[in-house]
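>>> Give me a 3D structure for the following:
(chains A and B)
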Amino acid sequence: MQRYILIRLIQSVFALIGVSILVFALVRLSGNPLDLINDEEQPGLREAYAQRWGLEEPLYKQYLLYARNSIQGDFGPSFRWPGRTASDLIRERMPATLQLGVAVVLFGLCIGMPLGVLSAVKKGSVFDTLGKTVALSGVAAPRFWVAIVLIWIFAVELRWTPTSGRGGLDHMFLPVLAGGIGGIASWLRLTRSSMLDALDSEYVMFARMKGLPEWKVVWKHAFRNASIIPITSFGGVIADVITGSVVLESIFAWPGVGLLAIQSINGRDYVVIQAITLIGATALILGNLAVDILYAYIDPRIRYDTAN
Amino acid sequence: MKSTHTNYWHGVTQRRINRRRLLATTGATAAGALLLAACGGKDKADSGGQAIVDRLVLGVNYTGAETNDYRLHTGAESWLLRPQYETLVTIDRETGKYAPMLAKQWEFSKDGKSIRFKLQEGVQFHDGWGEMTAEDIAWNYNVHKKAEPTETTIIQTVDRVEVVGPYEVVMHLYRPERDNREFIFTDHYITAAIVSKKHWEAKGDSRALSGHILAGTGPWKLINREAGSLLRFGRVENHWRQTPEFKELEYRIINENSTRLSALLAGEVHITTLPPDLVDTALNRGMKQIEGNVPAFRTWMDFWGCCVINVRTGKYRHPGSPLLDLRVRKALNKAIDRDALNKAFLRGQGETAYSAHINSKREGWDPSWEKRWKDEYGYDPKAARALLQEAGYVPNNPLKITMLVNYQVGFPVGADVQEAIIGYWNAIGVKTEFVAIDRATERPRAEAFEFDNHIFMYTSLSTAVAGFRVYNINTEAAALDPKYSGNFRGMNMAEIDATYAQIEKGVSDEQFDALAKKIGELAYVNHLNIPLWWLPATFVVNPKVVAGWSVSGSNTGLWSSLEYVKAVKQG
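Numbers count the residues shown, from 1 in each chain, chains lettered A, B, ... in the order given. Got it, this is the predicted structure:
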């Protein structure tokens, strides 16, 4: 197990280096970042930035400086928010993003997974048909459209909830519903698919032959193995939670990292865009690492195969 | 939601606004209101009494700086802290002219290099930080505003402010300033805000979002802000100039247009701005539209980079550019049906811009421009085609130009309008390449004078002759800078540069008006650019909360005079 973890860690480090090079290169492909600074609006920033980030040095030196600064959490001063750094801005917005992101994931998970199990257990029944319909609709409907329609129905016509803004449960209801519908669909499809495989397996047949109650066969035996598949998608889920949903945060005026990303893109603040991209990529890599370790813990065959 | 897109390739609009019905309804409503007033019925807004809501909420679209330091805001962000502060002079809500604020009187010297201000007496800073005096004004300009601001106009323009009495100062300028004045002492720009010297001495500056904000003299005081979400101001009771009718004012940041509309209809927001295609939905649901009193934004197109004079040689950088031919520029102007585009994209609310930078309320206005418009710029594709043929552009040798398209913040239909204009030009045989650009990355190319036949749209608040200075003129001061190579933004003309140079030397008001008129006339007859429309500032309000609001709409950043919003009263 330790050898497996070490190998995965080393792989993750290489992946991180690769991502940082990619982010560094893509930004510079769009031209000299210094050209984005408006001297009239921010006098002196060009020189300060050139010095701190070595933007007049050879590229490899620039990259080393950028990597060192990034590891220390210093992504540079924002172009669009004078007097603030990219790290400050992201740190300020992160609690809002986590609040919404975690709620959306939990909502999707707590409804999608049980529905997936029900759909698989009652295969071919009206529940299964309903489940498949929900899965298809949830995946097909664009999130921004769902969000706008929900605002119109619940906030404008019925006046049950606020239209937008960050707050407590009443403010969270609509964005969680809008984001969670797609999540329910995804979890339902994944769980249904893996449950169908599990329910067809010999150990489940054996469990039934032993006379175990059906609920034990389903939840203790089949679901436990089937849940491995949905768990593998958690790496991406973690990254989504941390970087925030641009669509949800924009439409619901939720002041999180996703909204910050879109504001930075509109304001040509490449420093902040770069920071968010790097943080998101890091979250994805580390999330997948955590999932792989968990996966290996659940299924020993994985770590033996990898170690060999 | 109705779509306003029409078959615009041939300038035909399918959208009809029933103006007669609208006028009849408006007239009947006005008559009814007059009758009620005559019968002694008191308008709720006029009666004493509390506003129906305590907090007036404005839905705003904003993605800019979030700081309590007004010096870090750009001009376009002036509106954010404008409620908190006042300036020496204000822009009158009704006329757009200068009006007293912290200064009750002012006088320019003959050479235009100094201005004497007599200050109001008894004006108090917030939170007991004492009375505003000449010392505060001098310190603001001599010290506070010169420390790392984002907008550098004041640093570049104001030499020093001298105290000549407890309520009197003289502002000394580096050069005679005629067209730059509103940036240095009016509330057009927040950088002219006056803050308390005593407060600064006690607490120091704060550039952090969560830090304190320096005391001002405005009718509102910042009481709360949440990053990315809102700014909230509290009313200053018994304000020396105008006590607001609402207890609190809130800017609620909602960037998504449909969400702002929803918030307005749900009663969460009471005043907002909406794109034209959503305004109808709001009006159909009982909301009302208010227009600014003064022409605010104007939109026009410039011949970008192609027609720039090299200030070292005095010659045009691209002498072969087709856009240097007056006949070509005139043809491009005459091929556009501005009225049809106005109806199609602006709901008829745009006003034809007879000059790209000067409107009828500003110095330099020449009423003959309107009379001569039909011959000089009026829609006439046949005449446009003839001009092109005269210039040598025929079907087997068509004129080829490039339209650069980017998103205009204050004019969301800009790209659609440009696409429609390309259609007009195609109809007269011009081959126009449509290139979407990122303005930030194209600027280096423009500064390197790479463009030779490109056209670019601008939307901006008007500053009269200063508009020509920013977009078309090589000033003498700039030309002295060895790094300066020429104003790449629009077309230059030597005669216009020379006329402006006279203004820079210092002129009287009458001389300024005459010279500004001359510049405007030169631009007019030479088709220096492609003027389109003046766009009034429009706001959509909830009439159950807002009884009325008189606003100029021409202040930078749009939102101003919020203390004058009239509230619908209880009972």
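>>> so who does A:Ala207 touch?
Neighbouring residues of A:Ala207 by Cβ atoms under 8 Å, 6 or more residues apart in numbering or on different chains: A:216-217, A:221. Quick note: C-beta positions are derived from backbone N, CA and C, even for glycine.
>>> can you tell me the helix or strand for the residue nearest to A:His221 when sequence neighbours are not counted?
Leaving out its chain neighbours, the residue that sits closest to A:His221 by Cβ to Cβ, 6 or more residues apart in numbering or on different chains is A:Ala207, at 5.0 Å. Assigned by DSSP states H and E, A:Ala207 belongs to helix A:202-209.
>>> Show me how far stretch B:419-436 is from its chain's centre.
Distance of stretch B:419-436 from the chain centroid (Cα atoms, centre = their mean, to the nearest Å) equals 28 Å.
>>> Going by neighbour count, which residues in the helix holding A:Ala207 are buried?
Neighbour counts over helix A:202-209 (16 or more other Cβ atoms under 10 Å in any protein chain shown) mark A:204, A:207 as buried.
>>> mean confidence for that helix?
Mean pLDDT, computed over helix A:202-209, is 86.
>>> With only the CA atoms kept, save that helix in PDB.
Coordinates of each C-alpha in helix A:202-209 appear next as PDB, following Å, rounded to 0.1, in the frame of the first residue of the first chain:
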ATOM      1  CA  GLU A 202     -22.300 -14.400  -8.400                       C
ATOM      2  CA  TYR A 203     -21.700 -13.100  -4.900                       C
ATOM      3  CA  VAL A 204     -25.000 -11.400  -4.900                       C
ATOM      4  CA  MET A 205     -26.700 -14.600  -6.200                       C
ATOM      5  CA  PHE A 206     -24.900 -16.400  -3.400                       C
ATOM      6  CA  ALA A 207     -26.100 -13.900  -0.800                       C
ATOM      7  CA  ARG A 208     -29.700 -14.400  -1.900                       C
ATOM      8  CA  MET A 209     -29.200 -18.200  -1.800                       C
END
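>>> and the residue of chain A found nearest chain B, backbone torsions?
Closest approach between chain A and chain B, counting by Cβ to the nearest Cβ: A:Pro255, at 2.9 Å. Note on A:Pro255: backbone dihedrals following degrees, to the nearest 10 are phi -80, psi 70.
>>> Not counting sequence-adjacent ones, nearest residue to it?
Nearest non-adjacent residue to A:Pro255, counting by Cβ to Cβ, 6+ apart: B:Gly228, 2.9 Å away.
>>> burial count for the one you found?
23 (other Cβ atoms under 10 Å in any protein chain shown).
>>> which helices and strands does the strand or helix carrying B:Leu341 pack with?
B:Leu341 is located in helix B:338-346, with elements delineated by DSSP H and E. Helices and strands touching helix B:338-346, by 3 or more Cβ pairs under 8 Å, 6 or more residues apart in numbering or on different chains; DSSP states H and E, are strand B:351-352, helix B:414-427, strand B:529-535.
>>> Now whichever helix or strand comes after the longest one: buried residues?
Pointing back at helix B:414-427 there. Using DSSP H and E, the helix or strand that follows helix B:414-427 towards the C-terminus is strand B:431-436. Residues of strand B:431-436 classed as buried by neighbour count (16+ other Cβ under 10 Å): B:Thr432.
>>> Show me what the mean pLDDT comes to for strand B:431-436.
92.
>>> B:Lys203 reaches B:His212, doesn't it?
Yes. Look at B:Lys203 against B:His212 with Cβ atoms under 8 Å: they come within range, at 5.7 Å.
>>> Contacts only, for B:Lys104.
Contacts of B:Lys104 (Cβ under 8 Å, 6+ apart): B:118-120.
>>> quick one: which of those residues is nearest chain A?
B:Leu119 (30.5 Å).
>>> Setting aside sequence neighbours, what's the nearest residue to the closest one?
B:Tyr167 (4.2 Å).
>>> list the contacts for B:Glu363?
Counting by Cβ under 8 Å, 6+ apart, B:Glu363 has contacts B:464-465, B:509, B:512-513, B:516.
>>> Format those residues as TSV; extra columns: distance to B:Val551, pLDDT and secondary structure.
Output for the contacts of B:Glu363, formatted as TSV (distance: Cβ to Cβ, whole Å; pLDDT from 0 to 100; DSSP: H, G, I helix; E, B strand; the rest coil):
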residue	distance to B:Val551	pLDDT	secondary structure
B:Ala464	20	75	coil
B:Val465	24	80	helix
B:Asp509	27	78	helix
B:Phe512	27	87	helix
B:Asp513	27	88	helix
B:Ala516	26	92	helix
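>>> List buried residues within those.
B:464-465, B:512-513, B:516.
>>> Pull up the per-residue confidence for residue 30.
No chain in the question, so chain A it is. Model confidence at A:Ser30, given as pLDDT, is 62.
>>> my bad, the chain I had in mind was chain B
So B:Ala30 comes in at 45 (pLDDT).
>>> Could you do A:Ile90 as well?
Taking A:Ile90 on its own, its pLDDT is 92.
>>> now the one 4 residues further on
We note a pLDDT of 92 for A:Met94 in this prediction.
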